[in-house]
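Participant: Pasted the sequence and its predicted model underneath.
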Amino acid sequence: MSKFTKNPDQLHALPMMESPRRLFLLFFLPVALLIMAGVWFVGHDRIHSEMELIRTSEISAVVMGVRSLDNDLAIPLRQLHSLVDAVAVRHTLHGGDEQAMQAAFSSLIGYTGLYDKIRWVDENGQERIRVNSVMGRPEAVPPENLQNIAGTYFITKAIKLKPGQIYISPLDLNVEHGKVSVPYKPVLRLATLVQNSDGRPHGVLIMNVNAQKILTAFSDSLIEARDHAMLLNSEGYWLKSPDSADEWGFMFQRKETLGSRYPEAWKAISAIPSGEAETADGRWTWSTVYPLKVRDNRNVSEIPHWLVVSHLPRSELDLIGANVWPQVGGIAVVLILLFGGVIAWLTRALSERTQARVEAIRAYAEAAAEHRLNESLERFRHIVEADVNGVMAIDSEGHIVLTNPSLEAMFGYEPEELLGKPMDILLPEASRALHAKYRTDFMQAPVARPMGAERELTGRHKDGSEFPVEISLSPFTEHGDQFVDAVVVDLSCRSR
């Protein structure tokens, strides 16, 4: 602290002349910005992690849906191959009793419960044998009730097959006598050519698969994605949808498809067999199901396929951020308040400590300055008192405010007899009136007047005796008041 004793003005250079509020902001703002940056990073990392979990979940749901369909379709395809090669079926085709084939159809329906009907249709489109599933039990249709279905799309397609090829129809609803059966009965038709003993085509075997079980198993396999996953045909119509009102639109000539409702998403889904995309409508994940694996020379475009699609709406994606940001924001608020409190306490403590230091330095400096002033005053007092000439100070009214011992001895007064008295008591009575006029004129335009600048004056001793003196005057101002410093020399010795 000693460096301030030399120059008290250096007190103004102390750093804590800044306000505590400014000091608080100086420390708090970087910490708050750092916390906010950390919260931004953590929030985005949390959202990214949540999105990755959702992405994995969506892919898993789609894969499970595809596997469910593949597994459920593998059974009827395998059983169709087995049925063609069955001894009873070949026996009938080679000219034997039709009861053998009918028994084989009934056995398969009763054993598996997968089929609504199995039938043999000859090359002219006439049903030759047909066994229906009625309440889960096989029931053969009498010959008089057998129909000619040559004009149906699936017979038209199936008749054109080569030996060993399998036709799989679109997944649609069962139609009886030109109308959709109610309640709806989803059906999938599998067909393959059969030959007689000389190798010539002898119609087709057709199995109507109860697709409701397949669709139910598909929905069950989706687990958590059941409320937003769907099954589409190749044209984008819904076969299975969270909203049942969307299903089977093509059976009723409705035009709305996934493509018409979500054109941007359909463009991405149609481009590649499997993938994922995020659009303004939300997140899409899809994969293609090929019910009939290609094992012959048919073009892939001729093979029917379905699409398993999961659509997570944008509103649900936005909920992730809506849930994450309040959580991390709450943590940020707590941290900011905590650090703000700590910084406020540190700032106050630092401010108080520095202020105390400043006050201590200021007090020390003021004490030192007062000490120097006292020393100067004491030095001045010694100088004045040691002067062999008489010294006195007079205010603007002519009253004595300061004397030295030489002056007091020169006029024969004690100090207390002169202080506060008019200086006229030091003049002869005859000179006092004239001197009052001189003093008034001088105080109106005070100017230093050296020794001997005027005529010789006469002083009056306390005992009434008079003696010649010489006076020099020096005006000065203190705190706005006018004073005159007078130096008086006794000329008695010089006169003698």
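Facilitator: Sure, I can see it.
Participant: So which elements touch the longest strand along the chain?
Facilitator: In the chain, with assignment by DSSP state E, the single longest strand is strand 466-478. With contacts taken as 3 or more Cβ pairs under 8 Å, 6 or more residues apart in numbering; DSSP states H and E, strand 466-478 sits against strand 457-460, strand 481-490, helix 492-495. C-betas here are computed from N, CA, C, even on glycine.
Participant: Out of those, name the one with the poorest average pLDDT.
Facilitator: Ranked by mean pLDDT, those end with helix 492-495 at the bottom, a mean of 68.
Participant: Report how many residues lie close to residue 467.
Facilitator: Other residues lying near residue 467 total 15 when counted by other Cβ atoms under 10 Å.
Participant: Could you report the pLDDT at it?
Facilitator: pLDDT at residue 467 comes out at 88.
Participant: Name the residues linked to it by a beta bridge.
Facilitator: Residue 467 has these beta-bridge partners by DSSP bridges: residue 459.
Participant: Residue 189 falls within a strand, correct?
Facilitator: Yes: Residue 189 sits within a strand when classified using DSSP: H, G, I helix; E, B strand; the rest coil.
Participant: residue contacts, the nearest residue to it once chain neighbours are set aside?
Facilitator: Nearest non-adjacent residue to residue 189, counting by Cβ to Cβ, 6 or more residues apart in numbering: residue 169, 3.9 Å away. Taking Cβ atoms under 8 Å, 6 or more residues apart in numbering, we find residue 169 in contact with 153, 154, 157, 188, 189, 190, 191, 304.
Participant: I'd say the third one and residue 165 touch.
Facilitator: No: with contact taken as Cβ atoms under 8 Å, residue 157 and residue 165 are classed as non-touching, separated by 10.5 Å.
Participant: So residue 464: helix, strand or coil?
Facilitator: coil.
Participant: can you list the domain ranges for this protein.
Facilitator: The chain resolves into domains spanning 16-386, 388-495 when parsed by automatic domain parsing.
Participant: which of those has the lowest average pLDDT?
Facilitator: domain 388-495 has the lowest average pLDDT among the domains of the chain, namely a mean of 83.
Participant: With mean neighbour count and distance to residue 63 added, can I get the helices and strands packed on strand 466-478 in a markdown table?
Facilitator: Putting the helices and strands packed on strand 466-478 into a markdown table (neighbours: other Cβ atoms under 10 Å; distance: least, Cβ to Cβ, whole Å) gives the following:
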| stretch | mean neighbour count | distance to residue 63 |
| --- | --- | --- |
| strand 457-460 | 18 | 127 |
| strand 481-490 | 18 | 104 |
| helix 492-495 | 10 | 132 |
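Participant: Tell me which of these approaches residue 348 most closely.
Facilitator: strand 481-490 (46.0 Å; Cβ to Cβ).
Participant: Start from the N-terminal end of the protein and give the helices.
Facilitator: 3-6, 20-84, 87-93, 98-112, 153-159, 211-222, 258-261, 263-271, 314-386, 405-411, 415-418, 429-444, 492-495 (DSSP state H).
Participant: Compare those and give me the one nearest residue 486.
Facilitator: Closest among the helices of the chain, using Cβ to Cβ: helix 405-411, at 8.8 Å.
Participant: Which residues does the closest one contact?
Facilitator: With Cβ under 8 Å, 6+ apart, helix 405-411 has contacts from 385, 387-392, 414-415, 418, 426, 459-462, 469, 488, 490.
Participant: What is the end-to-end distance of stretch 422-437?
Facilitator: For stretch 422-437, the first-to-last residue distance is 14 Å (Cα to Cα, to the nearest Å).
Participant: Enumerate every residue touching residue 327.
Facilitator: Residue 327 touches residue 46, counting by Cβ under 8 Å, 6+ apart.
Participant: if I look at it, how far off is residue 320?
Facilitator: With distances taken as Cβ to Cβ, to the nearest Å, residue 327 is found 11 Å from residue 320.
Participant: With adjacent residues omitted, what lies nearest to residue 388?
Facilitator: The shortest distance from residue 388 to any non-neighbouring residue, by Cβ to Cβ, 6+ apart, is to residue 406 (5.7 Å).
Participant: number of nearby residues for that neighbour?
Facilitator: 21.
Participant: what's the answer for the one 3 residues further on, then?
Facilitator: If you count neighbours by other Cβ under 10 Å, residue 409 ends up with 11.
Participant: Just the C-alphas of stretch 36-54, formatted as PDB.
Facilitator: In PDB, the C-alpha atoms belonging to stretch 36-54 read as follows (Å, rounded to 0.1, in the frame of the first residue of the first chain):
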ATOM      1  CA  MET A  36     -26.200 -23.000 -23.000                       C
ATOM      2  CA  ALA A  37     -23.700 -24.400 -25.500                       C
ATOM      3  CA  GLY A  38     -23.500 -27.600 -23.500                       C
ATOM      4  CA  VAL A  39     -27.200 -27.800 -23.200                       C
ATOM      5  CA  TRP A  40     -27.500 -27.300 -27.000                       C
ATOM      6  CA  PHE A  41     -25.000 -30.100 -27.600                       C
ATOM      7  CA  VAL A  42     -26.600 -32.400 -25.100                       C
ATOM      8  CA  GLY A  43     -30.100 -31.700 -26.400                       C
ATOM      9  CA  HIS A  44     -29.200 -32.400 -30.000                       C
ATOM     10  CA  ASP A  45     -27.300 -35.500 -28.900                       C
ATOM     11  CA  ARG A  46     -30.300 -36.800 -27.000                       C
ATOM     12  CA  ILE A  47     -32.600 -36.100 -29.900                       C
ATOM     13  CA  HIS A  48     -30.100 -37.900 -32.200                       C
ATOM     14  CA  SER A  49     -30.000 -40.900 -29.900                       C
ATOM     15  CA  GLU A  50     -33.800 -41.000 -29.700                       C
ATOM     16  CA  MET A  51     -34.100 -40.800 -33.400                       C
ATOM     17  CA  GLU A  52     -31.600 -43.700 -33.800                       C
ATOM     18  CA  LEU A  53     -33.600 -45.800 -31.400                       C
ATOM     19  CA  ILE A  54     -36.700 -45.000 -33.400                       C
END
